[in-house]
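**Q** here is a sequence with its predicted model. Questions after.
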Amino acid sequence: MRVPKLVGLMAVDAREAAESGGVLLAAPDRPDFRRTVVEYVVRQYPPPGVEVPRGTVVTVWFEFGEGEGGGGSGVHEPRLPRPGGGGLQRELDEPGDPYAVAGFSSPY
C-alpha cells in the first residue's frame, strides 16, 4: 500500500484519509490530536506515495495557530549597521603610490 497525501488536509480529513489508506497517524506537535479539527497538515513523514506495510505510522505536523509557535528564532530582517565586508580590504589601507611607502618619490 502507498502512503496517502495528507499535506493540505484539515486534521479531521487527514484522520479519515489515513484510516481509509490503512495507515495510523501520529502528531508530535499536537498532544490533543484526536480533538484537533480545523488545523491543516503542513508536513508528513513518510512522504506521499511511498510503499509501506498496512498499519504504518505516518507522522504529521500542523501549522501554528494564533499565538502559538514562533520558536524564538528572532528577527530575520537585516539590521543596521551591517557588518563590514571582511577580508584583506578591511585589514589593509587602500593601495597608494608604492614608492611613497618605501620613502622614494615616484618615477612617474
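**A** Great, that's in hand. Numbers count the residues shown, from 1 in each chain.
**Q** now for Val37: which residues touch it?
**A** Neighbouring residues of Val37 by CB atoms under 8 Å, 6 or more residues apart in numbering: 10-12. All C-beta atoms are positioned from the backbone trio N, CA, C, and that covers glycine.
**Q** measure it to Ala27 for me?
**A** 13 Å (CB to CB, to the nearest Å).
**Q** give the residues shared as contacts by the two.
**A** Common neighbours of Val37 and Ala27 (CB under 8 Å, 6+ apart) are Ala11.
**Q** the bottom helix or strand of this structure by mean pLDDT?
**A** Within the chain, no helix or strand scores below helix 87-91, which has a mean of 52 by mean pLDDT, DSSP states H and E.
**Q** rewinding a little: which one (most neighbours) among the contacts of Val37?
**A** Within the contacts of Val37, most neighbours by other CB atoms under 10 Å means Ala11, with 22 neighbours.
**Q** that one against Val42, yeah?
**A** No. Ala11 sits out of contact with Val42 when judged by CB atoms under 8 Å, with a separation of 11.3 Å.
**Q** need the residues touching each of the two.
**A** Common neighbours of Ala11 and Val42 (CB under 8 Å, 6+ apart) are Phe62.
**Q** list the buried ones in stretch 23-43?
**A** 23, 25, 27, 29, 33, 36, 39, 41 (16 or more other CB atoms under 10 Å).
**Q** dump those residues to JSON lines, plus distance to Val50 and secondary structure.
**A** Putting the buried residues of stretch 23-43 into JSON lines (distance: CB to CB, whole Å; DSSP: H, G, I helix; E, B strand; the rest coil) gives the following:
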{"residue": "Val23", "distance to Val50": "10", "secondary structure": "coil"}
{"residue": "Leu25", "distance to Val50": "15", "secondary structure": "strand"}
{"residue": "Ala27", "distance to Val50": "19", "secondary structure": "coil"}
{"residue": "Asp29", "distance to Val50": "21", "secondary structure": "coil"}
{"residue": "Phe33", "distance to Val50": "21", "secondary structure": "helix"}
{"residue": "Thr36", "distance to Val50": "24", "secondary structure": "coil"}
{"residue": "Glu39", "distance to Val50": "23", "secondary structure": "coil"}
{"residue": "Val41", "distance to Val50": "16", "secondary structure": "strand"}
